[in-house]
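K.L.:
Sequence isn't available, so here's the structure alone:
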């Protein structure tokens, strides 16, 4: 049986984190919530819901993901698959089985949960998110021949392939960095359409002008950086 571990970066997600953990299928070996300097009860609620809780005081999506990876690297038994999932309950955690299935049964290296329009709740993605996803994936297709249509954070990847990517981005560029490096290393990948709903609470990225601009700059920065490699 392939061991599956879930990493959930979480900043002030006290109202949603319990729902996320509750809906994750029982096939998962361990749920790791990385409390990213929250000022609410995110850590307490995650622990009460049965998750392993780590603290990462440096704010940043990438910092939180790397903290989870460091924790797993120090375990005696390594997993076969890592799933990344947000803590805001916008994704449907029960769809995790759809993401890991191509890895388990078809030996695919990397699977993205694509937030396709027909499965998105109205308003779940802000206009700037829709445009940003379109622009980033268009550039990846134009520059690298990629077939991605989304930068969705709900994703599954073989653990050994993840380690080989040598992930480094500490903030908003984490998702696009993973996809660019997957292309460069010729990983096999597919997208699986997933449902997507309005998140609980306010987004720290798309919910603010500053967050949207910073995320856009980081994402485009990674794409153009790789275009010269």
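P.N.:
Perfect, thanks for sending it. Worth saying up front: this structure is predicted, and the values here are computed from it rather than measured.
K.L.:
going forward, measure contacts between C-alpha atoms and count neighbours the same way
P.N.:
Noted.
K.L.:
Give the full set of residues in contact with the spatially most central residue of the chain.
P.N.:
Geometric centre of the chain, nearest residue: residue 153, 2.9 Å, by C-alpha atoms, centre = their mean. The contact partners of residue 153, by C-alpha atoms under 8 Å, 6 or more residues apart in numbering, come to 84, 85, 86, 112, 113, 175.
K.L.:
Including secondary structure, could those go into JSON lines?
P.N.:
Listed next are these as JSON lines, based on DSSP: H, G, I helix; E, B strand; the rest coil:
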{"residue": "84", "secondary structure": "strand"}
{"residue": "85", "secondary structure": "coil"}
{"residue": "86", "secondary structure": "coil"}
{"residue": "112", "secondary structure": "strand"}
{"residue": "113", "secondary structure": "strand"}
{"residue": "175", "secondary structure": "helix"}
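K.L.:
Go through the residues you listed and name the one nearest residue 94.
P.N.:
Nearest to residue 94 out of the contacts of residue 153 is residue 85 (C-alpha to C-alpha; 11.1 Å).
K.L.:
so what pLDDT did the closest one get?
P.N.:
Predicted confidence (pLDDT) for residue 85: 97.
K.L.:
Which residue, other than its chain neighbours, is closest to it?
P.N.:
residue 154 (4.7 Å; C-alpha to C-alpha, 6 or more residues apart in numbering).
K.L.:
how much space between the one you found and residue 188?
P.N.:
17 Å (C-alpha to C-alpha, to the nearest Å).
K.L.:
who's more crowded, these two?
P.N.:
residue 154 (24 against 13; other C-alpha atoms under 10 Å).
K.L.:
circling back: unless I'm mixing things up, the residue nearest to residue 85 is touching residue 84, no?
P.N.:
Yes - counting by C-alpha atoms under 8 Å, residue 154 touches residue 84, with 5.5 Å between them.
K.L.:
What is the neighbour count of residue 139?
P.N.:
When neighbours are counted by other C-alpha under 10 Å, residue 139 registers 17.
K.L.:
Identify the residue spatially nearest to it, adjacent ones excluded.
P.N.:
Residue 139 sits nearest to residue 223 (C-alpha to C-alpha, 6+ apart), 7.5 Å away.
K.L.:
Check residue 140 too.
P.N.:
Residue 140 sits nearest to residue 146 (C-alpha to C-alpha, 6+ apart), 5.5 Å away.
K.L.:
Please, which helix or strand holds the one you found?
P.N.:
Of the helices and strands defined by DSSP states H and E, none includes residue 146.
K.L.:
If you average the pLDDT over stretch 93-107, what comes out?
P.N.:
Mean per-residue pLDDT for stretch 93-107: 98.
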